[in-house]
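> what's the 3D shape of this:
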Amino acid sequence: MSPATVYTCRVTNWPMFRLNVIVLVALGSVYWTGTGPWWGFALLTLSLLLNLVLAVVAISQRVTAGPSGLTVSLGPLGLPRIKVASAKISHAEMITSTTARSGLPWTPKRGWLLTPKTGPALRVWLASGRTLTISMPEPAAALWAMGVAP
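From the prediction side, this is the model:
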């Protein structure tokens, strides 16, 4: 049995994270008047916390590609995690991502766009017809590790 090759990388967009934190703090300070009903303040606080969690999760991702498939772990704790078995991948190719996405965008036409940075990316077509686009510094290495010729 030959040894398996595994490609692992982490993609983080620190400027986007800083911008999200600045915007959330600015919004919080604008509405932090202390006047008004208690439930309005609680709703604002909950909204700001949820947006901060989304910013932390969506700005950083760890990608692992190997013979068993592809795994994308989001955020500093690696949760949520998206696993795609190699049997479910029908086609994969290298692309250049032209837009950085904040959040976890999904569209019916493009599928999941896990692209916190612009630049090289891997687009994977699943057997179900959906797509998954992932930012990474060396998509050719990920394709090679999965056993797909670039």
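
> and the residue at minimal distance from the centre of the chain, how far is that from Thr96?
The centroid of the chain falls nearest to Leu114 when counting by CA atoms, centre = their mean (3.6 Å). To Thr96, Leu114 is 15 Å away according to CB to CB, to the nearest Å. Every C-beta, even on glycine, is put in place using the N, C-alpha and C of the backbone.

> how about Leu19?
23 Å.

> do Trp125 as well
Separation of Trp125 from Thr96 (CB to CB): 17 Å.

> ranges for the helices of this structure?
All helices of the chain, identified by DSSP state H, fall at 14-30, 38-59, 139-146.

> point out the most buried one among those.
Comparing the helices of the chain by mean neighbour count (mean count of other CB atoms under 10 Å), helix 139-146 comes out on top with a mean of 20.

> and that one, what does it pack against?
strand 7-12, strand 60-66, strand 69-74, strand 89-97, strand 119-126 (3 or more CB pairs under 8 Å, 6 or more residues apart in numbering; DSSP states H and E).

> domains of this protein?
7-11+61-146, 14-56 (automatic domain parsing).

> quick one on the thing from earlier: now the helices and strands packed on helix 139-146 as TSV including mean pLDDT?
As requested, the helices and strands packed on helix 139-146 are exported to TSV (pLDDT from 0 to 100):
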stretch	mean pLDDT
strand 7-12	90
strand 60-66	92
strand 69-74	92
strand 89-97	92
strand 119-126	92
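
> out of these, which comes closest to Ile82?
Proximity to Ile82 (CB to CB) singles out strand 69-74 among the helices and strands packed on helix 139-146, at 4.5 Å.
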